[in-house]
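K.L.:
coords please:
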Amino acid sequence: EQVVGFLRGLKNWFRRDQLGGALHQAQNTGRIATLEAAPVATYRATERLDGNTCGQCKAIDGTEFATLADAREAYGNGGYQQCEGGIRCRGTVTAIWNP
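P.N.:
Okay, here's the model as predicted:
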């Protein structure tokens, strides 16, 4: 019964993954565009660390980038470019402004 319930839960998984990835990509594209117009900050890789986080994302979590261009190179217009989960990556860049 639990297996049947789990398998039914997989229905439309591909479309959900694609939609989720597209939304995350749009959010990160907007975030980078906003940071380009904002004052210079420290840019840090921020990954959601849980049981689904790949080794590549765990390794970059907390990394500080020297420039926004470096952060953009690592994250492009979506999640972390080296993520083993591809479109399912949940990583992003966070800006930290010092007073």
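K.L.:
tell me if Val93 really is in a strand.
P.N.:
Yes: counting by DSSP: H, G, I helix; E, B strand; the rest coil, Val93 falls inside a strand.
K.L.:
spit out the contact partners of the closest residue to it other than its chain neighbours.
P.N.:
Nearest in space to Val93, with sequence neighbours left out and distances taken as Cβ to Cβ, 6 or more residues apart in numbering, is Ala71 at 4.5 Å. The way it works is simple: take the backbone N, C-alpha and C, and place the C-beta from them, glycine included. Each residue near Ala71 by Cβ atoms under 8 Å, 6 or more residues apart in numbering is listed here: 32, 43, 45, 65, 93.
K.L.:
possible to save these as a markdown table with secondary structure, neighbour count and pLDDT?
P.N.:
Shown next, in a markdown table, are the contacts of Ala71 (DSSP: H, G, I helix; E, B strand; the rest coil; neighbours: other Cβ atoms under 10 Å; pLDDT from 0 to 100):
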| residue | secondary structure | neighbour count | pLDDT |
| --- | --- | --- | --- |
| Ile32 | helix | 19 | 90 |
| Tyr43 | strand | 24 | 95 |
| Ala45 | strand | 20 | 95 |
| Phe65 | strand | 18 | 95 |
| Val93 | strand | 22 | 92 |
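K.L.:
which stretches in the chain count as helices?
P.N.:
Secondary structure of the chain by DSSP state H: the helices cover 2-9, 13-37, 55-60, 68-75.
K.L.:
JSON lines for these, including distance to Gln81?
P.N.:
Shown next, in JSON lines, are these (distance: least, Cβ to Cβ, whole Å):
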{"stretch": "helix 2-9", "distance to Gln81": "30"}
{"stretch": "helix 13-37", "distance to Gln81": "11"}
{"stretch": "helix 55-60", "distance to Gln81": "9"}
{"stretch": "helix 68-75", "distance to Gln81": "6"}
